[in-house]
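> Quick one, what's the 3D model for this:
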Amino acid sequence: MLAGKVSGRMIVYLQCYAGKYEEAHILEDNSRKQWILKEYQQIDRKISSLEKVKKEESGNIYQYLIEPVGHEEIPEIGTKLKIHRK
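Just a heads-up that it's a prediction; the model follows:
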């Protein structure tokens, strides 16, 4: 998992073995911090970026907008997160 802020929004790359999530879900780390998985996201629409996205998605890596619940922290890189239906 990679994470960062873009224009004040939290964006993460998640490897989702079940495939792309279309509905809102709750992400939770081992310390019980939670984030709402808001929506599938693609920030850059350039041709070279689209090729990169296609390659990432072939490995079940998707980009999402997330929102923290009760805190302002970004998940740490490499953190394994539990996912629950909202």
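> Just the mean pLDDT for the helix or strand containing residue 67, thanks.
Assessed by DSSP states H and E, residue 67 sits inside strand 61-69. For strand 61-69, the mean pLDDT works out to 88.
> Can you list the buried residues in it?
Buried residues in strand 61-69, counted by 16 or more other CB atoms under 10 Å: 62, 63, 64, 65, 66. C-betas here are computed from N, CA, C, even on glycine.
> Next SSE downstream of the helix or strand of the chain with the lowest mean pLDDT?
Least confident element among the helices and strands of the chain, by mean pLDDT, DSSP states H and E: strand 2-6 (a mean of 63). Per DSSP H and E, strand 2-6 leads on to strand 9-15 as the next helix or strand towards the C-terminus.
> Now do that next one against strand 61-69, angle only.
Here strand 9-15 runs at an angle of 130 degrees relative to strand 61-69 (axes from the mean of the first three to the mean of the last three CA atoms, to 10 degrees).
> so what does strand 9-15 touch, helix or strand wise?
In terms of contacts (3 or more CB pairs under 8 Å, 6 or more residues apart in numbering; DSSP states H and E), strand 9-15 is packed against strand 2-6, strand 61-69.
> Which elements pack onto the helix or strand just after the strand holding residue 67?
The helix or strand immediately downstream of strand 61-69 is strand 82-85, counting by DSSP H and E. Secondary-structure packing of strand 82-85 (3+ CB pairs under 8 Å, 6+ apart): strand 25-28.
> Show me what counts as buried in the strand it packs on.
Across strand 25-28, burial judged by 16+ other CB under 10 Å covers 25, 27, 28.
> pretty sure the first one contacts residue 85?
Spelled out, that is residue 25. Yes: between residue 25 and residue 85 there is a contact under CB atoms under 8 Å: 5.9 Å.
> State the distance from residue 31 to residue 71.
10 Å (CB to CB, to the nearest Å).
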